[in-house]
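**Q** When you get a sec, could you give me coordinates for this:
(chains A and B, ligands or ions: 1)
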Amino acid sequence: MDKFTTLTGIAAPMPLVNIDTDMIIPKQFLKTIKRSGLGVSLFDEMRYDRDGNEIPDFVLNKPAYRDAQILVAGDNFGCGSSREHAPWALLDFGIRCVISTSFADIFFNNCFKNGILPVVLPQEAVDALMRDAENGANARLTVDLETQTVTGADDTAYRFEIDPFRKHCLLNGLDDIGLTMERAPAIDSFETQMAQARPWI
Amino acid sequence: MTQHAGAPRTLYDKIWDAHVVDRQDDGTCLLYIDRHLVHEVTSPQAFEGLRMTGRKVRAPERTIAVPDHNVPTTWDRETGIDNEESRIQVDALDRNAREFGVHYYPVNDIRQGIVHIVGPEQGWTLPGMTVVCGDSHTATHGAFGALAHGIGTSEVEHVLATQTLIQKKSKNMKVEITGRLAPGVTAKDVVLAIIAKTGTAGGTGHVIEYCGEVIRNLSMEGRMTICNMAIEGGARAGLIAPDEVTFTYVKGRPHAPKGAQWEAAVAWWKTLFSDEGAQFDKVVTLRGEDIAPTVTWGTSPEDALPITARIPAPEDFTGGKVDAARRSLDYMGLTAGTPLTDVTIDAVFIGSCTNGRIEDLRAAADVLRGRKLASGVRGMVVPGSGLVRAMAEEEGLDVIFKEAGFEWRLAGCSMCLGMNPDQLAPGERCAATSNRNFEGRQGYKGRTHLMSPAMAAAAGVAGHLVDIREFAAQPA
Ligand code: SF4
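**A** Residues are numbered from 1 along each chain as shown, chains lettered A, B, ... in the order given. Predicted coordinates for the structure are as follows:
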């Protein structure tokens, strides 16, 4: 997994609330057995018409946002299906950070496993960053994970909270599985105890 | 296993405490997973990850694989899957299940079906367990008093390799449904009414315990319908305390404990309830008597209203929901102010892990006995598992469906998400018993109205949404 330290990039505004993972990556793209290559299909049904032509009004099709690395989104981003194809598609497109007032749990977890930083900020801060994002290529946001801040176009810095363990893993690009495998003795002894206490499992 | 003698604990607290392998100072825990269910869509990358790192499945005996999302539900599926990508995914599961030695129900096994129907049916899901699956509707298993939730593919790989998950505890939320339900009102109406009240983000960061007289009086099937949609309310998981209804359902299932182990298990299961005085971070109460047959009008499960209501206007909402409602009405092709019962439909879908169990099929068949689909309406019944199908056929329900003009299919997810050929055409409007009415969910530009099996069947006969309480009163 790639490390996440600081990121300065173009932010695309997506003010719609309840953007679900079916919108982020529709089911026809879930038939892959790989993690890569989903970027072209990100937001497919909003981004292309039935003949595969780009819909010019869709934010990521506008010249200013084609290289966006940050999304500023409406409430409850990533709700619905648990498909990790959603963060894979975002990442493959080049999005490394999503900012919203709230995220659905599973999507939120999935982001951390893929080096994407989901940032939760209060409504006023998201509104201000949304206005910045609406300025297009001129408005670049800077996200600094070490100091836990997002800095907008006018140099206002918004501080966000993040779980220390997740921050550590993201800053260092650590793979959880490797970390957990080191705790195998604790898992072994739990299994031994469980075989006594709840043998029917 | 930690044992706290003192403070009163919730059901969630108790199951959590019984599964903590290891806890860090900041509260991050390593949680042991008792059952891991696997399907073909969210697992190939996880197995591939194991292969690349030379890791094994730590506990294949706790891992159960079944293909469901992609499989065709037509009767010719024994001859193979036409869609190449679907076939590759189903074949990959087959290879992975055999290579890593996990329990496996292949496509043509009578026990195959939707993973959340197969788990309980085979007795894999038991009270007090931790159950995960790379699928958000894993919440279904909470109906047994099991802590069950969806995970992403990286977490699937983590569980395969270590039989644990890195987790922080969620908050406790209680949803109590008091009193009794009126005739015609089902578990599906209850859960839609709950989501309409709390919103799709109302449960975010929480595990919901559903309780109250209405919940106690539900069958296991109804309880599964409720917990299934906990995720639509944003919750990590839904739970219902196990009781005699649960034990009766579980007893004798292939993987349920037997003999002395059964006695020991039941003794422990009986301790699984929220203690008097246990603290909940959030409490929501609904009166059963206030719940009417409920349907959705928009493209989010929270867009649910009693069938007696009219389509709302964007101005009825505030904040970001105004634009979302405008977009939904446009997508759904609906006009504010129209009575819901005037909304005409083109298709009926009965099935899914929400309402694809035997009781659901019985409820739909009861409505359809001696009746026919309105002209121009197509209907499809997709049983949740091969065993549900066999049971329904034994009861003659398939004949009722076929005589009413429905297609009778083999088990799978089917038109719930349309990954196989079962899809809505653009603009087609469907009365569906599934759980998601998102844009494009059942097919590109397809329009979904969620409701109970009886309401969906009745809508099919009438050709438009109907109030089952009035419909049922008419002679067939
Ligand atoms: S029936 Fe629908 S909701 Fe349930 S597991 Fe299958 S696709 Fe998911």
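**Q** ok, now which ones touch the nearest residue to residue B:117 once chain neighbours are set aside?
**A** Spatial nearest neighbour of residue B:117, excluding adjacent residues (C-beta to C-beta, 6 or more residues apart in numbering or on different chains): residue B:384 at 3.7 Å. (Each C-beta comes from the backbone N, C-alpha and C, glycine too.) Residue B:384 sits next to B:113-114, B:117, B:351-353, B:356-357, B:411 when contact means C-beta atoms under 8 Å, 6 or more residues apart in numbering or on different chains.
**Q** export the residues you listed to JSON lines and tack on neighbour count?
**A** Putting the contacts of residue B:384 into JSON lines (neighbours: other C-beta atoms under 10 Å in any protein chain shown) gives the following:
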{"residue": "B:113", "neighbour count": "32"}
{"residue": "B:114", "neighbour count": "32"}
{"residue": "B:117", "neighbour count": "27"}
{"residue": "B:351", "neighbour count": "33"}
{"residue": "B:352", "neighbour count": "29"}
{"residue": "B:353", "neighbour count": "29"}
{"residue": "B:356", "neighbour count": "31"}
{"residue": "B:357", "neighbour count": "29"}
{"residue": "B:411", "neighbour count": "28"}
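**Q** Can you give me the neighbour number for residue 93?
**A** Since you didn't name a chain, this refers to chain A. For residue A:93, the neighbour count with other C-beta atoms under 10 Å in any protein chain shown is 20.
**Q** wrong chain, I was asking about chain B
**A** Residue B:93 has 26 nearby residues by other C-beta under 10 Å.
**Q** now do the one 3 residues further on
**A** Burial measure for residue B:96: 24 neighbouring residues, criterion other C-beta under 10 Å.
**Q** Next: residue B:52.
**A** Residue B:52, neighbours per other C-beta under 10 Å, totals 8.
**Q** Helix, strand, or coil at it?
**A** helix (DSSP: H, G, I helix; E, B strand; the rest coil).
**Q** Using CSV, list the CA coordinates for the lengthiest strand in chain A.
**A** If you go by DSSP state E, chain A has its longest strand at strand A:6-14. Coordinates of the C-alpha atoms in strand A:6-14 are reproduced here as CSV (Å, rounded to 0.1, in the frame of the first residue of the first chain):
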residue,chain,number,x,y,z
THR,A,6,0.8,15.2,2.3
LEU,A,7,-1.2,15.8,-0.8
THR,A,8,-1.7,19.1,-2.8
GLY,A,9,-4.1,18.8,-5.6
ILE,A,10,-7.2,19.7,-7.4
ALA,A,11,-10.4,19.0,-5.5
ALA,A,12,-13.6,18.2,-7.4
PRO,A,13,-17.0,19.2,-5.8
MET,A,14,-19.7,16.5,-5.5
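**Q** which helices and strands does the helix or strand following it pack with?
**A** As assigned by DSSP states H and E, the chain's next helix or strand after strand A:6-14 is helix A:21-24. Applying 3 or more C-beta pairs under 8 Å, 6 or more residues apart in numbering or on different chains; DSSP states H and E, one finds that helix A:21-24 contacts helix A:85-93.
**Q** Now with 10 Å, please.
**A** helix A:44-47, helix A:85-93, helix A:105-112 (3 or more C-beta pairs under 10 Å, 6 or more residues apart in numbering or on different chains; DSSP states H and E).
**Q** And stretch B:42-59, end to end?
**A** 19 Å (C-alpha to C-alpha, to the nearest Å).
**Q** Of the contacts of residue B:384, which ones also sit close to the ligand?
**A** For the ligand, the contacts drawn from the contacts of residue B:384 by C-beta under 6 Å from any ligand atom are B:114, B:352-353.
**Q** Nearest residue to residue 166 in space, please, no chain neighbours.
**A** All of this refers to chain A. Closest to residue A:166 by C-beta to C-beta, 6+ apart is residue A:112, at 5.1 Å.
**Q** You answered for a different chain; I wanted chain B.
**A** residue A:176 is the one closest to residue B:166 (C-beta to C-beta, 6+ apart), at 5.7 Å.
**Q** Residue B:315 too?
**A** Residue B:315 sits nearest to residue B:322 (C-beta to C-beta, 6+ apart), 7.0 Å away.
**Q** ok, that neighbour to the ligand distance?
**A** 29 Å (C-beta to the nearest ligand atom, to the nearest Å).
**Q** tell me what the longest strand seen in chain B is packed against?
**A** Criterion DSSP E: the longest strand present in chain B is strand B:171-178. Packing contacts for strand B:171-178, counted by 3+ C-beta pairs under 10 Å, 6+ apart, involve helix B:11-17, helix B:187-198, strand B:206-211, helix B:213-216, strand B:237-239, strand B:282-287.
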